[in-house]
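> Please work out how this folds:
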Amino acid sequence: EIPIELDNLNALEKLVMRDNKLNGSIPKTIFNISSLKVIEFSFNELSGDLPITTLGSQLTNLEWLGVSSNNLSGSIPPSISNASKLWVLELSNNTFHGRVPDALSNLQSIQWFHIWGNRDLVVPPSFLTSLTRCAHLEVLDFSSTLFEAALPSSIGNLSSSMEQFVALNCGLKGYIPDAVGNLSNLVRLELSSNQLSGSIPRAIQRLRMLQGLNLADNELQGPIPNELCELQALVELSLSDNNLSRQIPECLVKLTSLQLLYLQFNKLSSAIPSSFWNHSSLITLSMEGNFLTGHLPPQISNLKAMVEMRLSRNRLSGDIPASIGGLTNLQYLYMDQNNFQGPIPDTLASIFTLKSLDLSSNNLSGDIPKSLESLRDLQYFNVSHNQLWGEIPSKGAFEELSSDSFKGNPALCGLPKFGVPSCPRPREKKLGHKHSRKLLIALILFLVVVAIAALFVVIFCWRKRKVDERSNRGEESPLIKWKRISLLELQRATNGFDDSNLLGKGSFGHVYKGELADETDVAVKVFNDLKEEEANERLNIVIDVASALEYLHHGYSVLIVHCDLKPENVLLDGDLVARLGDFGISKLLGGVDSITRTLTLGTVGYIAPEFGGEGIVSIKSDVYSFGILLMEVFTRRKPTEESFDGGRNMKQWVTTLLPTRVTELADANLLTDETRIHLTTKVDCISSIMKLALTCCIDTPEDRMDISDVLSNLKKIKLQISKSRRLDCEFK
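Numbering: from 1, shown residues only. Next up is the predicted model:
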């Protein structure tokens, strides 16, 4: 429980006790502490009413009141309006009832107002109208309450600062008013799971800052208006579960920032526009449950960022293009209940990330590619009700599958657990007839003659080559064949580029003599751009970046999350001091908030899993991106490269090569050894940095290091470098 004795703390400014499993009621005396600026009791098990008589009358300095996700009941006290400095009011996910008092519109400083999740709380249209007096209101969420009326046109007079208007599942009826187009700074508009009807208003095109538009699960009808194509900042567009008809607008290709598109369960028809397949930024595409026709083109491989694709329950036809194997980030592919024909492309086996594949209820023929056994992450596989034949693969991911995945294909065979007959054994041909024996003997004699002739040719060529070598010895260097020589071989050949092997110096570099392992004499030119200090400079740069992040995360009362950390956003001045730039999508975590949500995603390859998948942002998201940046700086490879072995991503590739194969992952420029420093010491240091990077990139945010600890580790590595040439991590 919350101790009553807290009211003795007369100078207390912040009282934060969220997520502590506290129960009981909130002591009334808490609201007598006039010095309080922040009261945060969210995510507990508190019950009872909010104190009505005194709440707000004493709290003239209160800026933040958070009691969301408890079991509080009763009505919302109008006396909250006495807290004139209040800018965050979090009352969501409780059991408040009654009407929301219009008096709350007297909170002239209010910016965030959350009352969602109070299912018996009535939000009258007059309350929305009264909020037009709140000139600083940015976020309004009254989802899962009782509105049960049409949106008043007065919402167009809400604050010009309004960024998020969220009203999910609250009984909205009627049309979406054109006045919504007046909210010019709106970033997020969510009106899903209501009873809205009519068409999508064309006035929405005026919301040029909009990043998320969710009108799903309503009764909207008519075409998807071309005006939506003017919303160039749009990241998520959800129009699913309506009665929208006609074709998909071809102009959607103009939405170059679009990552999440949900059009499922409408009445859309015609073919998918050809330009649509150029949406290289799309991560999720859902079009199932429509009347779409036509073929899938080879250009489907342009959707490089695609993670989830749902095309089920349409009228698509033709072959599944082999180029679909180019979607190397794809995890979920649903194409069931269409008219696809032809074979299952074996290129699907190159999508190592695939977890679910449903091709059921089509007209596919041929066998099931055995190469699909290599899909180690495959958890769901369904090819039932097609025209497939041949043996069902039985290894790898297929070991866990049942007969449900293959039923309705009478020509399939394989293991009994698949519910199909056993495959017939190949018949052994008998050579019992005299004619067959004669043919076999003739074939053997022919092969013997060919082998003898080939042997004579080989001996002749070998003798001729020996004669040519004796006549030309000394005239041609063995290196004329352009043999590839590794950096390590060159270091050994020149004794670590020792001065005793120096042949000459020039403005572009030094030339050393050396002898390769095959006793070939070589001259090696080392260009000056492979600086001794390059690795040291890189270490200084990442320390600068980590220092900047530490300041953003801990240097001010309001936490700042950069949200798009990558090498392109790190600028170097004339002294190679790193400056962190581009705060275009950064987030402020005000007060006691440690996480927030956003529809604006960072750059693919650098964003943390919880950021890319759920839009959850915290300071640990930046730590993940910093880990990827560390790997890129010291490997000189982009996280989005397609050349990682076995279809792995950068993190998996680094994990595989550590700790025994560091020389294969490190940038070769860092392993030049113009001084007498042992190569092994450099390798050990890069190994330490890579291990630190992997710790930053742990999938679960709470298990990642804090950026302060990361910075401390990097400084320790730098300190070891400066202490002595004999230390393992020297980069001189």
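
> Please count neighbours and contacts with C-alpha atoms only from this point.
OK.

> Pull the number of nearby residues for Val458.
Neighbours of Val458 under the rule other C-alpha atoms under 10 Å: 11.

> same check, this time on Glu288
24.

> Check the gap between it and Leu261 for me.
Distance, Glu288 to Leu261, by C-alpha to C-alpha, to the nearest Å: 12 Å.

> what about Gly496, which SS state?
coil (DSSP: H, G, I helix; E, B strand; the rest coil).

> One more: Glu219?
coil.

> Correct me if wrong: it contacts Gln195.
Yes: the pair Glu219 and Gln195 qualifies as a contact (C-alpha atoms under 8 Å) at a distance of 6.0 Å.

> so where's the stretch 51-200 of the chain shaky on pLDDT?
52-57 (pLDDT under 70).

> what's the burial count for Leu572?
Using other C-alpha under 10 Å: Leu572 sits among 12 other residues.

> Where do the helices of the stretch 551-700 of the chain begin and end?
609-614, 619-635, 650-657, 662-665, 679-696 (DSSP state H, counting those that start in this stretch).

> if you compare the ones you listed, which one is most tucked away?
Most buried of these by mean neighbour count (mean count of other C-alpha atoms under 10 Å) is helix 619-635; its value is a mean of 25.

> What angle do helix 679-696 and it make with each other?
If you take axes from the mean of the first three to the mean of the last three C-alpha atoms, to 10 degrees, helix 619-635 sits at 160 degrees to helix 679-696.

> and helix 619-635, what other elements does it pack with?
Using 3 or more C-alpha pairs under 8 Å, 6 or more residues apart in numbering; DSSP states H and E, the elements in contact with helix 619-635 are helix 534-554, strand 559-561, helix 650-657, helix 679-696.

> what helices or strands is the second one leaning on?
Secondary structure elements in contact with strand 559-561, counted by 3+ C-alpha pairs under 8 Å, 6+ apart, are helix 534-554, strand 587-589, helix 619-635.

> Between these, which one is closest to Val67.
Comparison of these against Val67 by C-alpha to C-alpha identifies strand 587-589 as nearest, at 17.5 Å.

> can you tell me the average pLDDT over that closest one?
Strand 587-589 comes out with an average pLDDT of 70.

> same thing with stretch 563-577?
So the average pLDDT for stretch 563-577 ends up being 81.

> ok, and what's touching it?
537, 540-541, 544-545, 578-583, 585-587, 601-603, 606-607, 617, 621-622, 625-626, 629 (C-alpha atoms under 8 Å, 6 or more residues apart in numbering).

> Try it again at 6 Å.
578-582, 586, 602, 625 (C-alpha atoms under 6 Å, 6 or more residues apart in numbering).

> Just want the most central residue of the protein.
Gly612 (3.7 Å; C-alpha atoms, centre = their mean).

> Would you mind measuring from that one to Cys563?
Gly612 is 11 Å from Cys563, by C-alpha to C-alpha.

> for Leu303, same thing?
Taking C-alpha to C-alpha, one finds Leu303 at 23 Å from Cys563.

> more crowded one of those two?
Between Leu303 and Cys563, counting by other C-alpha under 10 Å, Cys563 is the more crowded of the two (28 against 22).

> From Asp706, how far out is the more buried one?
16 Å.

> go on, Ile4?
For Ile4, the distance to Asp706 - C-alpha to C-alpha - is 35 Å.

> Give me the more crowded residue out of these two.
Using other C-alpha under 10 Å, the more surrounded residue of Ile4 and Asp706 is Asp706, with 17 against 12.

> For that one, list the residues it contacts.
No contacts exist for Asp706 under C-alpha under 6 Å, 6+ apart.

> can you give me phi and psi for it?
phi -80, psi 150 (degrees, to the nearest 10).

> Next one: it relative to Val16, how far apart?
Applying C-alpha to C-alpha to Asp706 and Val16 gives a distance of 21 Å.

> Next: Pro177.
Taken as C-alpha to C-alpha, the span from Pro177 to Val16 is 40 Å.

> which of those two has more neighbours?
Pro177 (18 against 14).

> what about the residue nearest to that one when sequence neighbours are not counted, neighbour count?
Distances taken as C-alpha to C-alpha, 6 or more residues apart in numbering put Ser153 closest to Pro177, at 5.7 Å, once the chain neighbours are dropped. Ser153 has 14 neighbours, counted by other C-alpha under 10 Å.

> what's the answer for Phe456, then?
11.

> for Gly504, same thing?
12.

> Quick check, it in contact with Val511.
Yes: using C-alpha atoms under 6 Å, Gly504 makes contact with Val511 at a distance of 5.3 Å.

> mind giving me the domain split of the chain?
Here the domain parsing of the chain from automatic domain parsing is 271-281+294-422, 487-527, 534-723.

> Break down the stretch 401-550 of the chain into its helices, ranges please.
434-472, 487-493, 534-554.

> And the last one, how far out from the chain middle?
Read that as helix 534-554. Its chain's average C-alpha position is 24 Å from that of helix 534-554, according to C-alpha atoms, centre = their mean, to the nearest Å.
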